[in-house]
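Colleague: Sequence isn't available, so here's the structure alone:
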């Protein structure tokens, strides 16, 4: 008995059309979270390396500007300017703070951008 109610041709296409947007949204979301975590980790590492350089290497990181420039070289893969890093002396030693505006790839699903912050302090070599 084949009638219009028992006809299941095209049901896979309908299921695919319902599932595909959800699957793509999930995959793009996982990629965005991965990029965000990688960016934060890279920013943290650059701030830590610059704080250490400012505390123990008076040649490479002779002043705040040189330390900020060193931080830029340590931010592998990030397009970050030297003015994103602030270097100062603190009670803990040399302090480096970083601010970076993270831009999402899919702005209509996620927020347009997010400001990431990082800070590190390294004791002065004594």
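Modeller: Nice, thanks for sending it over. Being a predicted model, the structure only gives us computed values, none of them experimental.
Colleague: Can you tell me the SS state at the residue nearest the centre of the chain?
Modeller: Nearest to the geometric centre of the chain sits residue 39, at 2.0 Å (C-alpha atoms, centre = their mean). Classification of residue 39 by DSSP: H, G, I helix; E, B strand; the rest coil places it in helix.
Colleague: and the gap between it and residue 84?
Modeller: According to C-beta to C-beta, to the nearest Å, residue 39 stands 12 Å off from residue 84. Using the backbone N, CA and C atoms, a C-beta is placed for each residue, glycine as well.
Colleague: what residues are shared contacts of those two?
Modeller: residue 100 (C-beta atoms under 8 Å, 6 or more residues apart in numbering).
Colleague: ok, back up a step: my guess is the residue nearest to the centre of the chain contacts residue 102, does it?
Modeller: Yes. Applying C-beta atoms under 8 Å as the test, residue 39 and residue 102 come out as touching, 5.5 Å apart.
Colleague: ok, back up a step: how close does the residue nearest to the centre of the chain get to residue 86?
Modeller: 18 Å.
Colleague: All the helices of the protein, residue numbers only.
Modeller: For the chain, applying DSSP state H gives helices covering 11-56, 64-74.
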